[in-house]
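S.K.: The following comprises the amino acid sequence and a computationally predicted model.
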Amino acid sequence: MAKIIGIKGKQLSGKPVFYYYQQQFDYKGERKSRTGFICGVKLEHYDKGIILPHQEILPNISDERLALLKNSGDNIGPVLGLYNDFAGSIDQLIQQAAGANVDVQFTDADGAIHSLTAINDDAVIQQVQQQMERQRIFIANGHHSYDAALRYAQENPQANYITMALMNLYDPNLIILPVHRLIKDVPDLDVDKFMQQLREDYVVEPFNVNQSGENIEEFMQALYHRGGFDYGLGIEHCRTFGLYTGNGQGYLVTLESETTMDQLMPKEGYSLALQGIDVFVLHYTVLQRLLGIGRQNQAETAEQKHQKADTNIKRASVVYTRKEIEALRKVDSGQCQLAFLLNPVVFDEFTAVAIGGELMPPKSTYFYPPLPADLLKKL
């Protein structure tokens with residue numbers, strides 16, 4: 001299925017090669033390492049089922065990536081793709097070919113160490129290509145770059161490959177983190193009324209949050225516990241999220257029951273797998289149903305921002321952040337009205353939605369640590 005090729009780098013006089021890639025990073029006080037390889041991947045339209053996205057894009061970001069492509073005619077940044085290799089045979093081929101050699105190594109601003117080793121063994125490259133022909137690739141990070149590359153290739157058919165860092169879906173050190181939602185410009189928002197509506201279908205538990213963020217980890221741990229993740233419930237976890245309304249007032253918000261979820265969820269058009277994901281439940285039952293924020297409000301285009309500046313029109317919208325403390329500060333400062341904090345998407349949810357050809361809301365996942373934006377320049 002997936003077609004991959006070597007890419008040209010500074011090593012080996014520009015001969016097309018694969019690059020063995022290793023990340024070493026700290027996460028929750030532990031040193032972790034994960035590996036993959038970098039290559040060119042043939043662009044395929046999603047309807048072929050070869051390259052599988054899992055979340056919607058924000059058109060304005062894709063437009064920005066496309067503009068960069070048109071200006072440079074080059075890759076706009078690495079895409080992280082995942083392949084399904086339970087036996088680890090592809091990993092073994094790449095690692096054995098790389099050996100202990102390191103051609104490029106650097107440390108990013110967050111302290112993660114990135115190592116690259118060129119692999120020029122034609123026999124190994126051919127074996128990996130053959131094994132990848134039986135694979136589909138899940139896009140983890142880089143949906144906007146991939147979408148822009150597809151659009152660019154429509155006008156430039158020769159640009160039909162994109163550079164990806166490919167990693168095994170079964171690598172134990174693949175980490176999915178959540179992306180939180182901040183709400184702004186909802187006209188005439190009455191928080192008390194909103195909370196009353198929320199309590200009709202959700203169990204709402206107050207949680208005092210220190211405005212300095214000193215107990216934010218405690219809040220997030222309580223959210224994780226309320227979802228049942230520390231019990232190993234997997235996709236059977238409770239549908240829950242955190243809510244911050246400002247001035248130190250937080251809440252743990254949990255859907256009352258599975259029956260309630262069935263009543264609130266759309267009757268058709270979405271699979272049970274998608275309907276059970278926290279971020280989808282939040283978007284459909286709260287942002288859309290209670291706050292009136294639909295897909296058209298999820299991000300502003302440059303034109304809409306210009307119109308707002310000219311007319312002072314307020315359009316409810318969603319702002320995204322990975323940092324809980326930033327979410328608190330933006331609500332307390334009045335930049336945003338509400339913050340919704342989320343648990344991470346479970347890997348089984350991620351794969352089920354992607355294989356089913358469905359899409360989560362934009363920015364539902366964040367694979368940590370990210371690929372450095374200048375990674376391709378190091379090759």
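M.R.: Thanks, I have it.
S.K.: show me where the chain has helices.
M.R.: With DSSP state H, the ranges of helices along the chain come out as 59-72, 89-98, 122-132, 143-155, 191-198, 216-227, 258-264, 272-275, 278-282, 302-311, 324-332, 347-355, 375-378.
S.K.: do you know which of these lies nearest Ile38?
M.R.: Closest to Ile38 of these, according to CB to CB: helix 375-378, at 7.9 Å. C-betas here are computed from N, CA, C, even on glycine.
S.K.: and of the helices of the chain, who's closest to Gly248?
M.R.: That would be helix 324-332 among the helices of the chain, by CB to CB, at 8.4 Å.
S.K.: Name the nearest residue to Leu371, ignoring sequence neighbours.
M.R.: Setting aside the residues directly before and after it, Leu371 is nearest to Pro78 in space (CB to CB, 6 or more residues apart in numbering), at 4.4 Å.
S.K.: how close does that neighbour get to Phe280?
M.R.: Separation of Pro78 from Phe280 (CB to CB, to the nearest Å) stands at 27 Å.
S.K.: Name the residues of stretch 207-223 that come out as buried.
M.R.: Counting neighbours by 16 or more other CB atoms under 10 Å, one finds that the buried residues in stretch 207-223 are Phe207, Val209, Gln211, Gly213, Asn215, Ile216, Phe219, Met220, Ala222, Leu223.
S.K.: Then stretch 64-81?
M.R.: Across stretch 64-81, burial judged by 16+ other CB under 10 Å covers Arg65, Leu66, Leu68, Leu69, Asn75, Ile76, Gly77, Pro78, Val79, Leu80, Gly81.
S.K.: contacting residues around the closest residue to Arg151 other than its chain neighbours?
M.R.: Leaving aside its sequence neighbours, Arg151 sits nearest to Leu66 (CB to CB, 6+ apart; 5.5 Å). Contact analysis of Leu66 by CB atoms under 8 Å, 6 or more residues apart in numbering lists Ala148, Arg151, Tyr152.
S.K.: so how far is Ala140 from the second one?
M.R.: In this structure, Arg151 lies at 20 Å from Ala140, with CB to CB as the measure.
S.K.: Next: the first one.
M.R.: Distance, Ala148 to Ala140, using CB to CB: 17 Å.
S.K.: Make sure Pro3 is actually in contact with Lys42.
M.R.: For the record, residue 3 is Lys, not Pro. Yes - look at Lys3 against Lys42 with CB atoms under 8 Å: they come within range, at 4.0 Å.
S.K.: Just grab the bridge partners of the closest residue to Ala112 other than its chain neighbours for me.
M.R.: Nearest residue to Ala112 in three dimensions, chain neighbours excluded: Phe25, at 4.0 Å (CB to CB, 6+ apart). For Phe25, the beta-bridge partners are Lys32 (DSSP bridges).
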